[in-house]
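Novice: What follows is a protein structure lacking sequence information:
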C-alpha cells in the first residue's frame, strides 16, 4: 500500500492535526512511458504553508482531497518504456508527501547517490540551494565588499545564502533565534557576525553589526525583522523578498513594512524571488555549488526525521524553529 498525506481542509493560522489525513491506498501502476518511484525522502519547506491557502499566488494551491505537494527524491522501481529513466535510477522532482508516485518524468531529474547523500539533492543541491543561489546572485546582485544581512540564517536557504555571499567576498551578518543557532551560524558557517532576534533589540543589534548600513538584505521572515532591516539600508541597496515565515500563520492580515520609505530615500530596490523562474539554469548552479561543496567552501546540513505518519509534527518544526538547516522527512520503511 501507498501511505499518503492528503489535504483535508484549509487551515486558519497554524495547521492542526486535522488539516491533513494519513491514507493508505493501492500503489499505482505506471502507464506507457511512465515510471513508478519509491520515495526515500520528502522535502519540508515553509512555502508549503502558502500552498494550502486559497487564493492567487505564484503557484496553484493544493486542492482539498489531493496529496500534499512537496519536493521528493526516490528510486525508480518500475519503468514502462520510459525514454529517460530506468529501474534503479534515483530521481528527484515534485512527488508529494507519499511513499510512491507515478510520473511521466517531466520536471524530474536523475541524480547520482555516489556523489552526494540523497537528502542533499532536496536541500543544498535542490530547491532551497537554488533559491539561495539565484536569490543572492541574480536578485541581490552582490559584489565584493557588500554588507549582506540574512534573516533565517540557520535555515535551509539562509545558511546557503550567507555562505555564497562569503565566497563572493562580502561581509555577512546573520539573524537567527537562540544561542545554539547563532553559534552554528558564526562558528560553523563562518558568518562575520550574528544577531539573536530572540534576546536582542533588533535595531540596536543591526546598527552594531552593520555600522555603515546594509547593501543587501535577504529576507526569509518578514514582519518586524524586515522593518528593522529597511531602516539601515545604504544607498542603492537591494532587498530580496524570498519568504515571510513570521507571517504565514497569521489569522489577520499580513503585517507590511512601515519603513518602506527607506527604499525611496536610498534609491533602493525590493524584489520578490521565486526559484521556479530560474529552472533552465539549475544545472549550472548545481555544478558550481557542487564544486564549492567538494572544496569545503560550502557546508550543507540536513535535519532528518523519520516516518510519514510523523509529517504534521515534523512540519511544525519549520515554525517552532526546532530544527537546523534543511528539514527532511524519511518516508521509506526499512
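Specialist: Looks like it came in fine. Here the structure is a predicted model, which means the values were calculated and not measured.
Novice: Would you map the helices across the stretch 151-300 of the chain?
Specialist: Applying DSSP state H, counting those that start in this stretch to the stretch 151-300 of the chain gives helices spanning 158-167, 179-183, 202-209, 223-230, 261-265, 282-295.
Novice: Need the winner for burial among those.
Specialist: The highest mean neighbour count among those, using mean count of other Cβ atoms under 10 Å, belongs to helix 158-167: a mean of 26. Heads up, the C-betas are built off the backbone N, CA and C, glycines and all.
Novice: mean confidence score for it?
Specialist: Across helix 158-167, the average pLDDT comes to 98.
Novice: tell me what that helix is packed against?
Specialist: With contacts taken as 3 or more Cβ pairs under 8 Å, 6 or more residues apart in numbering; DSSP states H and E, helix 158-167 sits against helix 127-134, strand 147-151, strand 171-176, strand 214-219, helix 282-295.
Novice: 7 Å instead, please
Specialist: If you count contacts as 3 or more Cβ pairs under 7 Å, 6 or more residues apart in numbering; DSSP states H and E, helix 158-167 packs onto helix 127-134, strand 147-151, strand 171-176.
Novice: could those go into a markdown table alongside mean neighbour count and distance to residue 27?
Specialist: Shown next, in a markdown table, are the helices and strands packed on helix 158-167 (neighbours: other Cβ atoms under 10 Å; distance: least, Cβ to Cβ, whole Å):
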| stretch | mean neighbour count | distance to residue 27 |
| --- | --- | --- |
| helix 127-134 | 26 | 26 |
| strand 147-151 | 29 | 42 |
| strand 171-176 | 28 | 41 |
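Novice: Tell me which of the ones you listed lies nearest to residue 158.
Specialist: strand 147-151 (4.9 Å; Cβ to Cβ).
Novice: Give me the contact list for that closest one.
Specialist: By Cβ atoms under 7 Å, 6 or more residues apart in numbering, the surrounding residues in contact with strand 147-151 are 142, 158, 161-162, 165, 170-175, 206, 210, 212-221, 225, 229.
Novice: if we can go back for a sec, mind checking which of the helices of the stretch 151-300 of the chain is nearest residue 29?
Specialist: Proximity to residue 29 (Cβ to Cβ) singles out helix 282-295 among the helices of the stretch 151-300 of the chain, at 30.1 Å.
Novice: and the closest one, how far from the chain's centre?
Specialist: The chain centre lies 17 Å from the centre of helix 282-295; the measure is Cα atoms, centre = their mean, to the nearest Å.
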